[in-house]
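# have a look; sequence and predicted model below, questions after that.
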Amino acid sequence: MIFRGAKVKPRTYWEIEAIAQALRKQCQIDDMEFVPIVKMVESIAGEGFQVVSSDEIGNNEGLTYPDRGIIQVREDVYYAACKGEERARDTLAHELGHFLLHRSTSLARSSTITVTGPLMDSEWQADEFSGLLLAPTHIIIGKTAADVTKRCGVSLQTAINRVKKSKYQPKAEPQSIAGSKENSNSDNS
Ligand SMILES: [Zn+2]
């Protein structure tokens with residue numbers, strides 16, 4: 001996967017939340033529980049969206065080339081997402097995160113980057129974006145992780161992470177929030 005561990009412009013949890021919220025509003029799905037992530041990725045990436053065979057993409061479930069405006073999704077993952085399978089939906093939203101957040105990033109070259117840790121990790125950012133887009137705080141508030149999985153169509157791991165973070169207060173230290181995720185989705189691109 002192209003961005004694993006890549007150092008990108010740092011973004012806090014709150015910044016990523018604002019971007020995900022703006023996108024939901026723009027797509028007029030702000031109050032929707034089960035968002036049409038396949039349609040969203042297809043329309044946002046346009047001709048850059050490609051469904052590819054496992055021969056082409058190997059073990060990767062998805063690959064994004066933000067600088068070229070391309071999102072590739074393995075065909076079995078694409079069809080699973082079309083059927084509403086949670087983990088596949090996570091993967092599409094994760095790739096959309098790379099596409100939108102890392103488009104103009106020149107990797108690890110800027111001397112102006114001073115923050116260290118997960119805030120500048122492209123994988124952390126894409127995972128947070130995915131969870132915040134599919135299961136935002138205003139939709140999941142008061143719900144259990146099992147409920148969030150069912151209603152929002154996210155994996156249980158994502159739902160658990162989102163339920164926990166939905167309780168953070170807006171002035172909390174971003175670094176502690178960034179470091180609070182035990183597991184990253186390290187196997188989907
Ligand atoms: Zn990724």
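Yes, it's here.
# okay, CA-based contacts and neighbour counts for the rest of this
Noted.
# what segments of this protein are strands?
Under the criterion DSSP state E, the chain contains strands at 49-52, 62-65, 70-74.
# can you show me the CA trace of the longest one as CSV?
In this case it means strand 70-74. Taking C-alpha atoms only, strand 70-74 is exported to CSV below (Å, rounded to 0.1, in the frame of the first residue of the first chain):
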residue,chain,number,x,y,z
ILE,A,70,-6.8,7.5,-8.8
ILE,A,71,-8.6,5.1,-6.4
GLN,A,72,-8.3,1.4,-7.1
VAL,A,73,-10.5,-1.1,-5.3
ARG,A,74,-10.1,-4.8,-5.6
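# can you name every helix or strand that that strand contacts?
strand 49-52, strand 62-65, helix 86-101 (3 or more CA pairs under 8 Å, 6 or more residues apart in numbering; DSSP states H and E).
# name the helices or strands packed onto the first one?
Just to be clear, that refers to strand 49-52. Right, strand 49-52 is packed against strand 70-74, helix 75-82 by 3+ CA pairs under 8 Å, 6+ apart.
# pick the most deeply packed of these.
strand 70-74 (a mean of 23; mean count of other CA atoms under 10 Å).
# that one close to the ion?
No. Remark: strand 70-74 sits outside contact range of the ion, by CA under 5 Å from the ion, the gap being at least 11.0 Å.
# quickly run through the sheet partners of that strand, with directions.
Using DSSP bridges, the strands paired with strand 70-74 are strand 49-52 (parallel), strand 62-65 (antiparallel).
# center of this structure, which residue is that?
When the chain is reduced to its mean C-alpha position, the nearest residue by CA atoms, centre = their mean turns out to be residue 130, at 2.4 Å.
# that residue and residue 152, how far apart?
Using CA to CA, to the nearest Å, we find residue 130 at a distance of 12 Å from residue 152.
# over to residue 19?
From residue 19 to residue 152 the distance is 19 Å (CA to CA).
# neighbour count: the two, which is higher?
A direct count of neighbours by other CA atoms under 10 Å for residue 19 and residue 152 places residue 152 higher, at 23 against 17.
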